[in-house]
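**Student:** Here's my sequence, what's the structure:
(one chain, ligands or ions: 2)
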Amino acid sequence: MIVVGDNHGIPDSLIGSVMNWLSNFFNQSDEEKRRYDTNDPTDRIRFRWGGRTQRELLHMRAHPTFHCPAKPAESMVLTGYCERMREMGMQLLRGISKSLGLEECYIENKMKLESGYSVFGPNYYPALSQSSDDKNQIGQFPHRDPGLLVLLAQNVGGGLQIEHQKKWLNADFPPSSIFVIVADHIEILTNGKYKSLLHRVALNSEVERMSLPFFFGPSLDVTVKPEPEFVDDHNPPSYRQMTYKAYLESNDHHLIEARANLNQIRL
Ligand SMILES: O=C(O)CCC(=O)C(=O)O
Ligand SMILES: [Fe+2]
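**Tutor:** Residues are numbered from 1 along each chain as shown. Ligands and ions are numbered 1, 2, ... in the order given. I've put the predicted structure just below:
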């Protein structure tokens with residue numbers, strides 16, 4: 001896990017405009033939001049209520065083609081934001097490649113990031129009501145995410161928790177920072193040298209919260225596997241190989257849902 005402080009170069013005004021647009025979106029009537037709650041296999045945009053949680057989520061395909069439910073003039077804000085997230089993700093992956101003693105563009109080339117599949121998937125969590133019954137309400141159950149990195153912005157701090165040495169820690173980062181989560185396909189390609197971060201979300205007790213994860217993934221046709229640089233007699237491959245598309249679609253999930261499946265491909 002890496003936190004990029006407030007020197008990430010993304011203007012506050014851009015983040016603010018994205019938050020404004022999302023706040024308007026989530027505050028629409030259920031009927032209006034339901035227009036994007038379909039099960040069409042060609043969906044590029046999908047709105048969902050969070051099942052056993054009070055979360056609402058909107059997933060939009062961000063790359064290689066960009067889709068969003070905004071009017072053209074407003075969609076510029078969302079496209080601009082997603083482009084900045086991609087640039088930041090690319091820079092971070094160059095750093096990770098170098099930290100592994102590999103050439104800067106190693107991950108970028110192996111994962112064919114020019115046509116990488118990315119999803120922008122904002123969440124809306126209501127405030128926790130004051131009634132004591134609600135004390136344990138959570139926003140998201142423990143999970144890992146698919147892809148290489150998840151770049152996360154939020155409108156207010158408090159809610160995200162990460163697992164470290166079997167304990168849950170609060171990931172308290174300010175709204176001006178971007179929090180970066182290492183996801184499944186970094187773990188697979190490095191054969192477990194980097195670990196995909198287990199995390200969950202508690203409802204912020206005081207105020208409603210929005211979080212803006214950008215799921216930065218490989219190209220859908222890339223077969224992701226432990227690469228030879230991380231495999232030897234003492235370290236046999238720990239994960240089954242699979243295209244990124246097949247990984248996302250396993251368990252009958254839709255590509256846009258961006259669900260993880262790491263435990264099922266461990267060898
Ligand atoms: O809301 C958060 O802070 C985390 C969001 C998240 O983990 C996800 O949407 O996958
Ligand atoms: Fe997540």
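**Student:** where do the helices sit along this structure?
**Tutor:** Listed in chain order, the helices of the chain (DSSP state H) span 12-26, 30-34, 72-99, 106-110, 184-189, 244-249, 262-265.
**Student:** between these, which gets nearest to Phe141?
**Tutor:** Nearest of the helices of the chain to Phe141, taken as C-beta to C-beta: helix 262-265 at 14.2 Å. C-beta here means a position set from N, CA and C on the backbone, and glycine is covered the same way.
**Student:** If we go by neighbour counts, what in the closest one is buried?
**Tutor:** 262, 265 (16 or more other C-beta atoms under 10 Å).
**Student:** hmm, back to that, which of the helices of the chain is buried the deepest?
**Tutor:** Ranked by mean neighbour count, the helices of the chain are led by helix 184-189 with a mean of 25 (mean count of other C-beta atoms under 10 Å).
**Student:** Relative to ligand 1, which of the helices of the chain is closest?
**Tutor:** helix 184-189 (11.7 Å; C-beta to the nearest ligand atom).
**Student:** what's the average pLDDT for that closest one?
**Tutor:** Computed over helix 184-189, the mean pLDDT rounds to 98.
**Student:** And Leu262, how far from Arg46?
**Tutor:** Using C-beta to C-beta, to the nearest Å, Leu262 is found at 22 Å from Arg46.
**Student:** which residues touch the one residue in the stretch 151-267 of the chain that gets nearest to ligand 1?
**Tutor:** In the stretch 151-267 of the chain, the residue found nearest to ligand 1 is Ser211; the distance is 3.1 Å by C-beta to the nearest ligand atom. For Ser211, the contacting residues are 122-123, 125, 152-155, 159-160, 201, by C-beta atoms under 8 Å, 6 or more residues apart in numbering.
**Student:** Could you rerun that using 7 Å?
**Tutor:** Contacts for Ser211 (C-beta atoms under 7 Å, 6 or more residues apart in numbering) come out as 122-123, 152, 154.
**Student:** Compute the distance between the residue of the chain most remote from its centre and Arg266, please.
**Tutor:** For the chain, the residue at maximal distance from the C-alpha centroid (C-alpha atoms, centre = their mean) is Asp233, at 33.7 Å. Distance of Asp233 to Arg266, computed by C-beta to C-beta: 20 Å.
**Student:** Kindly report the same for Tyr244.
**Tutor:** Distance of Tyr244 to Arg266, given as C-beta to C-beta: 17 Å.
**Student:** What of Pro236?
**Tutor:** From Pro236 to Arg266 the distance is 12 Å (C-beta to C-beta).
**Student:** show me what contacts the closest residue to Val4 other than its chain neighbours?
**Tutor:** Nearest residue to Val4, sequence neighbours excluded (C-beta to C-beta, 6 or more residues apart in numbering): Ile178, at 4.6 Å. By C-beta under 7 Å, 6+ apart, the contact set of Ile178 is 4, 8, 88, 151-153.
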